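Student: sequence unknown, structure follows:
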């Protein structure tokens, strides 16, 4: 069976073989097929193979072994790696939410992602609701009552310093009254 070696396979062979053999030989057979081997044959010519170019990754910067100690350099390095974006993406600005049984999902966009030792705090109407679990970017609120509400979110470091704040988002929560008569018109606007 006559097998042809694909060009890329041949190239890989030529790059790998120098580590296995010292000399590579090339020749053509009677059908014009080119062959390579580490064994010389009559009419074969030695192939000159240059060393393979390599690349080494730089070593990572060392980190302090005692995580409880923050030097001034650590604080400055942390500030240099600041957050670029923090936004409340859900609910949208002035969004009306209807009949969800008091449940409202809040989603955040934080870039880059939350760093170790930092926390996301979520506020509604000026009251702290929760510190989100690490890596969480959404939270489902329950028992949200009718009316106009404002959400605020921020990232804090271990010492409680605010590193970034999202712009406040106002939303309107509507729950149809059980006293509403069938066929009556529901006010669709933000006024209550």
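Tutor: Arrived safely. All values derive from a computational prediction rather than experimental measurement. Residues are numbered from 1 along each chain as shown.

Student: List the neighbouring strands of the longest strand anywhere in the chain plus their orientation.
Tutor: Ranked by residue count, the top strand of the chain under DSSP state E comes out as strand 147-156. The strands that strand 147-156 pairs with in its sheet are strand 119-124 (antiparallel), strand 162-165 (antiparallel), strand 169-174 (antiparallel) (by DSSP bridges).

Student: Count the residues that sit near the closest residue to residue 131 other than its chain neighbours.
Tutor: Spatial nearest neighbour of residue 131, chain neighbours left out: residue 119 (4.9 Å); criterion: Cβ to Cβ, 6 or more residues apart in numbering. (C-beta placed from N, C-alpha, C; glycine too.) For residue 119, the neighbour count with other Cβ atoms under 10 Å is 16.

Student: Run a quick neighbour tally on the residue nearest to residue 103 when sequence neighbours are not counted.
Tutor: Distance criterion Cβ to Cβ, 6+ apart; nearest residue to residue 103, sequence neighbours excluded, is residue 142 at 5.3 Å. Residues near residue 142, counting by other Cβ under 10 Å, number 9.

Student: how's this protein carved up into domains?
Tutor: The chain breaks down into these domains under automatic domain parsing: 7-47, 81-174.

Student: Would you mind finding the most buried of the ones you listed?
Tutor: Among these, domain 81-174 has the highest mean neighbour count (mean count of other Cβ atoms under 10 Å), at a mean of 14.

Student: What ranges does this protein have for its strands?
Tutor: 24-28, 34-37, 45-47, 85-90, 95-98, 104-111, 119-124, 127-131, 138-141, 147-156, 162-165, 169-174.

Student: Please tabulate the ones you listed in a markdown table, including the columns mean pLDDT.
Tutor: Shown next, in a markdown table, are these (pLDDT from 0 to 100):
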| stretch | mean pLDDT |
| --- | --- |
| strand 24-28 | 87 |
| strand 34-37 | 86 |
| strand 45-47 | 87 |
| strand 85-90 | 92 |
| strand 95-98 | 90 |
| strand 104-111 | 91 |
| strand 119-124 | 91 |
| strand 127-131 | 86 |
| strand 138-141 | 88 |
| strand 147-156 | 93 |
| strand 162-165 | 92 |
| strand 169-174 | 93 |
